[in-house]
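Colleague: build me a structure from this.
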Amino acid sequence: MLNDTIAAIATSVGNSGISIIRVSGTDAVSVVDRIFVNPKMKHILKSMESHTISYGFLLDGNEILDEVMVSYFKGPKSFTCENTVEINCHGGIFVTNKILELVIKAGARIAEPGEFTKRAFLNGRIDLSQAEAVMDLINSESDFSLKASVSQLRGSVYDDIKKIRALIIHEIAYIESALDDPEHYSLDNYSEELNKKIIAINSKIKELIVSNDKGRIISDGIKTSIVGKPNAGKSSLMNSLAGFDRAIVTDIEGTTRDIIEEKINIGGINLVLSDTAGIRKTDDPVEKIGVEKALKNIDDSDLIIFVIDSSKPLDENDLYIFNVINNKKSIILLNKQDLNQVVSSDDIDKYISDSVIVNTSLISNNGIDDLCNIIKDMFNVNDISLSNETIITSLRHKESLINTSVSLENVLESINNCMPEDFLTIDLMNAYISLGNIIGEEVSDDLVNEIFSKFCMGK
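Modeller: So this is what the prediction gives:
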């Protein structure tokens, strides 16, 4: 219910200098006023002006529980559009939880995950795409994902979707008006005009769909699988890129049995590295499982880095890996350049076309900078700009855009087949509804609840 009062710890749970307990709802002021007093031991919260902060104490009965600062935001000029009070207390885990218990005892209830942001959405403070951007902002792990989240939070997706929906609903309204009042609204040559408009609208929709490829890399990073035979230098590569000893490196073949993951940042984009088990034929049942996991990881990756020990001749295991990664975006690392070379670039070209080859000596980190630059070029990292471009980072948004495009293609097909205008409004309305799913204007309660259930408790 939106008329009750909720409370939660809004800061990370752990010892810190300051913790914040957020209280929002109709009775937020009354609830906190029951337990907050100024230095003269007077209850003054109800007389506070909005957007001010006051110093005082929290009382548990007649005992002072903590020395705090309390800020007040009168609705609708607050994040939730409701009366909101924030208690800034000392950041110990015990005292923070005691204060939350005190607030609950005074009349609030524990907020559900994401309920503050959910209320902001339901009260019209933000649209659904902006609400999702709040969580993306919290989870951002790179410069570009942070910028993309801020851009969406400021309404970049909402603005584009709103404009496109306005164009679609205008055509729906015009058709219905012409059918109801043909004396004042003519449909002569209308299909030709509509055809041009729908082509232009669908072109914009497709641009947004394509932007998701870039958006996924921005938000999730480049999923990169490091593969090769045992003892080729895969774990050494992982450690060189990570900047510390993330994986165990020994001269014993088959040391890595399971997938080891680590994130590194190159040029503002995350590289999500997976160091996999050495791929080779083996009778060891545990190693076999590791090899199977490595092969599956290849299928799920955006980039494959194939590490080859260039001091040893290629064998059937290398050839098998070439076959597995063929037609996938990959980089071949000819490692151990400090030793006598028996494998060259010409040898690699015999087995994989258009291969990108980097010579490395991972024992001394030679070639790592070249590798990072090649990855940035492959994924156009240096060309990524968020200043004037709307980037779709959400798979949910992409699916809705695809549904929109399908509906618009149906409209074009109907026009081509000379279908009556009232028939066109069916697919036009479907496109309008699909776009509404993105910003929350055409969305079910179940979907809203599912989205906000993924948020943290105090957000």
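
Colleague: not counting sequence-adjacent ones, nearest residue to residue 362?
Modeller: Of all residues not flanking residue 362 in the chain, residue 236 sits nearest, at 4.1 Å (C-beta to C-beta, 6 or more residues apart in numbering). Heads up, the C-betas are built off the backbone N, CA and C, glycines and all.

Colleague: what about the one you found, distance to residue 336?
Modeller: Noted for residue 236: a distance of 10 Å to residue 336, by C-beta to C-beta, to the nearest Å.

Colleague: can you list the low-confidence ranges for the stretch 1-150 of the chain?
Modeller: 1-2, 141-142, 144 (pLDDT under 70).

Colleague: do a quick rundown of the helices in it.
Modeller: For the stretch 1-150 of the chain, the helices defined by DSSP state H, counting those that start in this stretch occupy 28-33, 93-105, 115-122, 128-139, 143-153.

Colleague: which element is the residue sitting furthest away from the middle of the chain on?
Modeller: Distance from the centre of the chain peaks at residue 183, with 51.2 Å (C-alpha atoms, centre = their mean). Assigned by DSSP states H and E, residue 183 falls within no helix or strand.

Colleague: tell me the spacing between it and residue 193.
Modeller: For residue 183, the distance to residue 193 - C-beta to C-beta - is 20 Å.

Colleague: again with residue 450
Modeller: 40 Å.

Colleague: what of residue 124?
Modeller: 35 Å.

Colleague: out of the two, which sits in the more crowded spot?
Modeller: Set residue 124 next to residue 193 and count neighbours by other C-beta atoms under 10 Å: residue 193 wins out with 13 against 9.

Colleague: gap between that one and residue 364?
Modeller: Residue 193 is 67 Å from residue 364, by C-beta to C-beta.

Colleague: returning to that earlier point: overlap in contacts, residue 236 and residue 336.
Modeller: Taking C-beta atoms under 8 Å, 6 or more residues apart in numbering as the criterion, residue 236 and residue 336 both touch 362-363.

Colleague: need the distance between the two termini of stretch 359-376.
Modeller: When the termini of stretch 359-376 are compared using C-alpha to C-alpha, to the nearest Å, they are 17 Å apart.

Colleague: can you list contacts of that stretch?
Modeller: By C-beta under 8 Å, 6+ apart, the list of residues contacting stretch 359-376 reads 222, 224, 233, 236-237, 240-241, 266-267, 269, 271, 303, 305, 310, 331, 333-338, 356, 358, 381-382.

Colleague: taking helix 93-105 as reference, get the angle to the longest strand seen in the chain.
Modeller: Determined from DSSP state E, the single longest strand within the chain is strand 63-73. Strand 63-73 and helix 93-105 meet at an angle of 70 degrees, taking axes from the mean of the first three to the mean of the last three C-alpha atoms, to 10 degrees as the criterion.

Colleague: dump strand 63-73 to PDB, keeping only the CA atoms.
Modeller: The C-alpha coordinates for strand 63-73 follow below in PDB (Å, rounded to 0.1, in the frame of the first residue of the first chain):
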ATOM      1  CA  GLU A  63      17.500   6.600  27.100                       C
ATOM      2  CA  ILE A  64      19.500   8.300  24.400                       C
ATOM      3  CA  LEU A  65      20.400   5.700  21.700                       C
ATOM      4  CA  ASP A  66      22.500   7.900  19.400                       C
ATOM      5  CA  GLU A  67      23.500  11.400  18.400                       C
ATOM      6  CA  VAL A  68      22.100  12.100  14.900                       C
ATOM      7  CA  MET A  69      21.300  14.500  12.100                       C
ATOM      8  CA  VAL A  70      17.800  14.300  10.700                       C
ATOM      9  CA  SER A  71      16.900  15.700   7.300                       C
ATOM     10  CA  TYR A  72      13.300  16.300   6.100                       C
ATOM     11  CA  PHE A  73      11.900  16.400   2.500                       C
END
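
Colleague: burial check on the closest residue to residue 98 other than its chain neighbours, number of neighbours?
Modeller: Spatial nearest neighbour of residue 98, chain neighbours left out: residue 65 (6.2 Å); criterion: C-beta to C-beta, 6+ apart. For residue 65, the neighbour count with other C-beta under 10 Å is 17.

Colleague: what do you get for residue 152?
Modeller: Around residue 152 there are 27 other residues, counting by other C-beta under 10 Å.

Colleague: pLDDT score for it?
Modeller: With respect to pLDDT, residue 152 scores 76.

Colleague: residue 228 too?
Modeller: Per the predicted model, pLDDT is 85 at residue 228.

Colleague: next: residue 388.
Modeller: 64.

Colleague: then residue 424?
Modeller: 93.

Colleague: for the one 4 residues further on, same thing?
Modeller: Reading off the per-residue confidence, residue 428 sits at a pLDDT of 95.

Colleague: how far away is it from residue 169?
Modeller: 8 Å.

Colleague: quick one, strands of this structure?
Modeller: Counting by DSSP E, the strands of the chain are 6-9, 16-24, 36-37, 52-60, 63-73, 84-91, 109-110, 222-228, 260-266, 269-275, 303-309, 330-335, 356-359.

Colleague: export these to a markdown table and tack on distance to residue 441?
Modeller: Below are the strands of the chain laid out as a markdown table (distance: least, C-beta to C-beta, whole Å):
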| stretch | distance to residue 441 |
| --- | --- |
| strand 6-9 | 25 |
| strand 16-24 | 24 |
| strand 36-37 | 39 |
| strand 52-60 | 35 |
| strand 63-73 | 26 |
| strand 84-91 | 25 |
| strand 109-110 | 29 |
| strand 222-228 | 33 |
| strand 260-266 | 36 |
| strand 269-275 | 33 |
| strand 303-309 | 38 |
| strand 330-335 | 43 |
| strand 356-359 | 46 |
